[in-house]
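Visitor: pasting the sequence and the predicted model now:
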Amino acid sequence: MKRFAITGFSGFVARFFVDYLYNERIQCEVLGLSRDTPLYDYSRYSDRISVSFRIVDLVDKEALRNALRDFKPDYMLHLAAFSSVAYSWKHPTESFTNNSNLFLNLIDVIREVSPSCRVLSVGSSEEYGNVSKEDLPIRENQALEPLSPYAVARVSQELMSRVYVNAFGMDIIMTRSFNHIGPGQDNRFVVPSFIDRIVRIKESGLLNGEVETGDISIIRDFVDVRDVVRAYYLLLERGRTGEVYNVCSGKAYKLSEIIDCISEIVGVKVTITVNPDYIRPNDNKEIVGSHYKISAELGWEPLIDYKDTIRDMISFREENTNNDKY
């Protein structure tokens, strides 16, 4: 029976990954690790898979060692991170130090207690920085030019992965994951934030309303989290050690298009007001990826259209007063 350990277990992506294991009837045991207790009910999987959870701060190396020593995972999905670019600008030292140190602790403990474990190190498209139009869509051989404390920490994580692969023979695969979205995502992120504010206009009984935004001319590659976790499973199963893979939709969307789509589905007309306080320093103007590598090697393709994703997110928001619950 396969044993999966998942860091960041209380977060958005982890619950969809366990959903995937459950729905695909994969015979496995899961150990979730997180600083916070999950708000979703992980006991609901118990009729098919064994799921346990431990509160662990990955910065505490001894606590992490104790958690993994007995479980000895076959696979480690590393999702734990301070994942907000905006947060990294406000708290650069905390963001960089924690993201770097917790990953280094993790792979060092894995090397000690379960050296044959396959590790998926999840990185970010933010590592690429600003890329010229001539280099779009972005391939994995694109030079890395991180523009935020968060992005620098992700590059550091990737470089440390390569060190442990080459120096110690560890089995680590890396991703540069593009913006993923889906039902239940935290309102700190841009698309669920737009949805929450537009749905609130409707809930107040209005058909028109104003939404403050940053720069909505920015172009991003949005991919459904359910497609993302399918990619992560395939990478854990068949990805090549020491290789990095884009996980993306390969399609470009302006934030203004996303707002228009949400407004149309909700049935509210929105007036946009740009607030300079919401504009981040050195923000990447256009990020669109190529998934050629993962498609060619593993047969993965994104399947869910962004409009269907947004419909599911709106439905979830309308059905739940607390968007953190799932």
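Guide: Done, it's in.
Visitor: count of neighbours near the residue nearest to Thr213 when sequence neighbours are not counted?
Guide: In space, and not counting its chain neighbours, Thr213 is closest to Ile272: 5.7 Å by Cβ to Cβ, 6 or more residues apart in numbering. For every residue, glycine as well, the C-beta is placed using N, CA and C. For Ile272, the neighbour count with other Cβ atoms under 10 Å is 12.
Visitor: what residues does Ile272 make contact with?
Guide: Glu210, Val211, Thr213, Ile216, Ser256, Ile259 (Cβ atoms under 8 Å, 6 or more residues apart in numbering).
Visitor: from Arg35, how far out is Gly250?
Guide: Remark: distance between Gly250 and Arg35 (Cβ to Cβ, to the nearest Å) = 34 Å.
Visitor: sorry, back to before: for the contacts of Ile272, work out which two are farthest apart.
Guide: Glu210 and Ser256 (14.9 Å; Cβ to Cβ).
Visitor: if you count surrounding residues, which of those two has more?
Guide: Remark: of Glu210 and Ser256, Ser256 carries more neighbours, 15 against 10, as counted by other Cβ under 10 Å.
Visitor: and the helix or strand harbouring Met313, how far from the chain's centre?
Guide: If you go by DSSP states H and E, Met313 is part of helix 306-319. Distance of helix 306-319 from the chain centroid (Cα atoms, centre = their mean, to the nearest Å) equals 18 Å.
Visitor: from the contact counts, what lies against that helix?
Guide: strand 179-181, helix 190-203, strand 222-224, helix 255-266 (3 or more Cβ pairs under 8 Å, 6 or more residues apart in numbering; DSSP states H and E).
Visitor: any idea of the mean pLDDT for the third one?
Guide: Looking back up the chat, that one is strand 222-224. Averaging pLDDT along strand 222-224 gives 98.
Visitor: what is it packed up against?
Guide: On a contact count with 3+ Cβ pairs under 8 Å, 6+ apart, strand 222-224 meets strand 179-181, helix 306-319.
Visitor: please convert these to CSV, extending it with mean neighbour count.
Guide: Formatted as CSV, the helices and strands packed on strand 222-224 follow (neighbours: other Cβ atoms under 10 Å):
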stretch, mean neighbour count
strand 179-181, 22
helix 306-319, 17
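Visitor: could those be laid out in TSV, adding distance to Lys61 and mean pLDDT?
Guide: As requested, the helices and strands packed on strand 222-224 are arranged in TSV below (distance: least, Cβ to Cβ, whole Å; pLDDT from 0 to 100):
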stretch	distance to Lys61	mean pLDDT
strand 179-181	29	95
helix 306-319	37	96
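Visitor: nearest to Pro276, of these?
Guide: So among the helices and strands packed on strand 222-224, strand 179-181 is nearest, using Cβ to Cβ, at 22.5 Å.
Visitor: sheet-wise, list the partners of that closest one with their directions.
Guide: strand 222-224 (parallel) (DSSP bridges).
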